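Chemist: coords please:
(one chain, ligands or ions: 2)
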Amino acid sequence: MVRYTIDTHVHTPASDGRSEYGKILNAACLRGLSAVAVTDHYTMDGVSPMQDLAGNYGLEVVPGIEINTGSLHVVGLETYDIIPNLLGLDKTLYEIDSQGGLPIIAHPFNGRQIFLSEVRPLLDSYLVGIECIGVNGGNRQVCKFGDAFAFAEHYNLPKIGCSDSHSAKTVGLAVSVCEGDSFKDFREAFRERKIDIETNNYR
Ligand SMILES: [Zn+2]
Ligand SMILES: [Zn+2]
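Modeler: Ligands and ions are numbered 1, 2, ... in the order given. Next up, the predicted model:
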């Protein structure tokens, strides 16, 4: 079986990422990843510099964006145009869907009831991934996002692991894994809820 390993949530210097493009890719390469998604805040300017260098590292770079809906952060994977902030969750999911992107609820924390109450009614219209495992950027420890796992399990949603890296030091410490060798296969796994989460203890 060919394994496709992707960090679905990575920031670059185009927004508030602190590591240079090549350093991010080098870290991803050293940690055995197949791909990283560039998901900067309200810009896609980091995608091209990453894609230009990706071949040197044998990595796939997936374009994406992180959007603040006003109450939640949402990552769109394989989006190509900027989606404005503060549109609300429904409109944000609609915009990602219109671009053919995959929506993922980012770092939902325990006790954030608005998360549950806002996402649930939209699940009939959209297949939404849920970040269940992330990385604390401060101490570089892998962490669980409260009851996100139980929520995803209950509603049969794709469970996502990612780093939300703002530094090469944390790239790939939590990842999403599926069978396949390209993001096309990840899309299929997302639809079929066949994504596993893996974590690393690299420092
Ligand atoms: Zn965020
Ligand atoms: Zn982020």
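Chemist: In contact with whatever residue of the chain ends up closest to ligand 1, which residues?
Modeler: Of all residues in the chain, residue 73 sits closest to ligand 1, at 3.5 Å by Cβ to the ion. Every C-beta, even on glycine, is put in place using the N, C-alpha and C of the backbone. Contact criterion Cβ atoms under 8 Å, 6 or more residues apart in numbering gives 66-67, 105-107 as the residues in contact with residue 73.
Chemist: okay, among those, which ones form the most distant pair?
Modeler: Taking Cβ to Cβ, the two most distant members of these are 67 and 107; they sit 13.0 Å apart.
Chemist: Of those two, which one has the most company?
Modeler: residue 67 (28 against 20; other Cβ atoms under 10 Å).
Chemist: Ramachandran coordinates for the more buried one?
Modeler: Taking degrees, to the nearest 10, you get phi -120, psi 140 for the backbone angles of residue 67.
Chemist: What separation do you get for it and residue 176?
Modeler: Spatial separation of residue 67 from residue 176 under the definition Cβ to Cβ, to the nearest Å is 19 Å.
Chemist: How about residue 120?
Modeler: Residue 120 is 23 Å from residue 176, by Cβ to Cβ.
Chemist: again with residue 143
Modeler: Per Cβ to Cβ, residue 143 is found 16 Å from residue 176.
Chemist: Which residue of the two possesses the greater neighbour count?
Modeler: When residue 143 is set against residue 176 and neighbours are counted by other Cβ under 10 Å, the residue ahead is residue 176, at 29 against 14.
Chemist: List the pairing partners of the helix or strand hosting that one within its sheet, with orientation.
Modeler: When elements are assigned from DSSP states H and E, residue 176 belongs to strand 174-179. Strands flanking strand 174-179 in the sheet, each with its direction: strand 3-10 (antiparallel), strand 196-199 (antiparallel) (DSSP bridges).
Chemist: and of those, who's closest to ligand 2?
Modeler: strand 3-10 (5.5 Å).
Chemist: Now do stretch 80-99: distance from first to last residue.
Modeler: The distance separating the two terminal residues of stretch 80-99, taken as Cα to Cα, to the nearest Å, comes to 7 Å.
Chemist: Contacts for it next, please.
Modeler: Where contact means Cβ under 8 Å, 6+ apart, the residues beyond stretch 80-99 that reach it are 42-44, 63, 65, 67-72, 74, 76, 78-79, 102-103, 118-119, 122, 125-126, 128.
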